[in-house]
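In: Sequence and predicted model, in that order:
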Amino acid sequence: MRGARYALHAEWTKTRTAGGTVWLLLALVAATVALGAAVATATRCPAAGCGQDPAKVSLSGVDLGQAVVAILAVLAISGEYGTGMIRVTLTAMPRRTTVLAAKATVLTGLVLVAGTVAVLGSVLAGRLILPGNGFTPAHGYPLLSLADGPYLRAAAGSVLYLSLVGLLGLGVATAIRDSAAAIGVALGLLYLFPVIAAAVSSPQWQRHLEQIAPMSAGLAIQATTGLRGMTVSPWAGIGVLAAWAAGAMLAGGLLLRLRDA
């Protein structure tokens, strides 16, 4: 127990004093809110039943914010491999799974805080912008409000989504070690599946790819309309992303234990 507290304190100190951490967290908030506001400004609903989901429109900045989270997660451990500090870390704390768990805990805490700020900012921007673009009760779209169950699930689920992306990136980086390669793999897992699905001509294969893709499945948590026509339900989709994150962390943890620093 004492070792776990020591590891948490050490990881918090390293993360807090790292030069890029604060900037990346600020970039996460800024990118998420800015893109969400831009998409909300550009989206119009001139008539009832225009087919747009106001929650997904407002939270579309998560599509970009997740890239910042992935980079932050990769640098949380690959930076130590790049400088050789990982040897010092593992000498001070020989239990390697404890080190990885401490990194995951600190990373998740930071992403939860920054992600909550980003999502709340996006919801506020959508609430202010969308009514002027036709998303009104007269068109069947009540104001965005976290008091509404589906909107609350979309917002809270988006924060959870960003946290799971962080764990996915951390697991990938622990397995690969190299910063550039790990960032490429993490971003590829997120963004490449939708590109492949769009390029596939078979509707059946498109559906299967959307059901297993970490990004496509995970972002289903944001949906508040047209749930019956979705390829995967909101909570099942976040479960798919959780499975990807767990698999990456398991692989990274095993390789961390088996390989030399």
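Out: Noted; the coordinates are in hand.

In: going forward, measure contacts and count neighbours with C-alpha atoms only.
Out: Fine.

In: Just give me the longest helix of the chain.
Out: Longest helix in the chain by number of residues (criterion: DSSP state H): helix 96-129.

In: which stretches of this protein aren't confidently modelled?
Out: Applying pLDDT under 70 to the chain picks out residues 1-3, 261.

In: Find the centremost residue of it, please.
Out: Note on the chain: the residue nearest the mean C-alpha position is Leu162, at 2.3 Å, using Cα atoms, centre = their mean.

In: roughly how far apart are it and Asp53?
Out: From Leu162 across to Asp53, the span is 20 Å (Cα to Cα, to the nearest Å).

In: before we move on, back to that, got the contact list for the residue nearest to the centre of the chain?
Out: Contact analysis of Leu162 by Cα atoms under 8 Å, 6 or more residues apart in numbering lists Val62, Gly65, Gln66, Val69, Val111, Leu112, Gly115.

In: For burial, what's the neighbour tally of the third one?
Out: When neighbours are defined as other Cα atoms under 10 Å, Gln66 has 25 of them.

In: Any chance of the backbone angles for it?
Out: In terms of degrees, to the nearest 10, the main-chain angles of Gln66 are phi -60, psi -30.

In: That one and Ala31: what is the separation?
Out: Taking Cα to Cα, one finds Gln66 at 10 Å from Ala31.

In: circling back to that earlier point, what residues of the longest helix of the chain count as buried?
Out: Neighbour counts over helix 96-129 (16 or more other Cα atoms under 10 Å) mark 96-108, 110-112, 114-127, 129 as buried.

In: same question, stretch 211-226
Out: Buried-residue list, stretch 211-226, by 16+ other Cα under 10 Å: 211-224.

In: The stretch 1-150 of the chain: helices as residue ranges?
Out: All helices of the stretch 1-150 of the chain, identified by DSSP state H, counting those that start in this stretch, fall at 2-17, 19-42, 54-58, 62-83, 85-92, 96-129, 149-176.

In: Good, wrapping up.
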